[in-house]
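Visitor: structure for this input, please:
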Amino acid sequence: MDPDDNLNLVQPVNPWGGNAWSMYTEYFQWRPTHNSNSKQYKVNAGETLHGSIVYNKNEDSYLLSQQIVETGAVSSQTVPCQDGKKYTIPYIVYEKLFPCGDYPPDGIVTFRNITAECDGVDCTKDIVWEAKVKDANCNMAARIDYPQPGEISITWDTSMPSAYDGLSYDDLEALNGQSGWGKSLVQSRRQVEI
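Guide: Okay, here's the model as predicted:
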């Protein structure tokens, strides 16, 4: 979720680390740059995550939470609002640019049971999702109502060539930022190379 000025974000995160999935929650702001992640847990392919972003009016804050349904492991953090700033713009994204072979071999991640409340009232059906691709790579696509109505999947093809195939790990790290799962993936690949 982003606020209207798109200068911050709050999100449950399910990153791919090069050979395994994990989960945690993240708060990020662009100016001044600040990042806060909750505790990270390993997630096995096929396990179900339940992520939530819940506003606490009494504290003017958001509780970010992510749970592995099958094991009960929970990762959470509380994020205070900045001068009453509210997060009202929902996104479902897959981010970071790598060679196609570095993406998960599953080729799909699916979001189910997507629900939203606006001022305490269910407004799930009021959200008009748009499928967009910011940086074309690996035939990545967002699919609304796929494979079932009310679900959103992101798909990719690990066998495709990529504009990022020839980049060094230093270049990939610079491209994908200095934090988060992109940096972790580059560092793990670099350790294997050494």
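Visitor: show me the contacts for the residue nearest to residue 73 when sequence neighbours are not counted.
Guide: Closest residue in space to residue 73, ignoring its immediate chain neighbours: residue 41 at 4.8 Å, by Cβ to Cβ, 6 or more residues apart in numbering. Where you see a C-beta, it was placed from the backbone N, CA and C, and this is true even at glycine. Residue 41 sits next to 22, 23, 24, 68, 73, 75 when contact means Cβ atoms under 8 Å, 6 or more residues apart in numbering.
Visitor: where does residue 41 land on pLDDT?
Guide: Predicted confidence (pLDDT) for residue 41: 97.
Visitor: swap in the one 3 residues further on?
Guide: Confidence at residue 44, expressed as pLDDT, is 93.
Visitor: that one and residue 151, how far apart?
Guide: In this view, residue 44 and residue 151 are 21 Å apart by Cβ to Cβ, to the nearest Å.
Visitor: between those two, tell me which one has more neighbours.
Guide: More crowded of residue 44 and residue 151, by other Cβ atoms under 10 Å: residue 151, with 15 against 10.
Visitor: in contact with the more buried one, which residues?
Guide: Residue 151 touches 110, 111, 112, 114, 145, counting by Cβ under 8 Å, 6+ apart.
Visitor: tell me the domain ranges of this structure?
Guide: Domain segmentation of the chain under automatic domain parsing yields 1-89, 92-194.
Visitor: which one of those has the poorest average confidence?
Guide: Lowest mean pLDDT of those: domain 92-194, a mean of 86.
Visitor: what about the helices in this structure?
Guide: 169-175, 180-193 (DSSP state H).
Visitor: which residue sits closest to residue 64, ignoring its sequence neighbours?
Guide: Nearest to residue 64 is residue 25, by Cβ to Cβ, 6+ apart, at 3.7 Å.
Visitor: same question, residue 154
Guide: In space, residue 154 is closest to residue 94, 4.5 Å off (Cβ to Cβ, 6+ apart).
Visitor: distance of that neighbour relative to residue 163?
Guide: Applying Cβ to Cβ to residue 94 and residue 163 gives a distance of 17 Å.
Visitor: do residue 89 as well
Guide: Residue 89 sits 29 Å away from residue 163, going by Cβ to Cβ.
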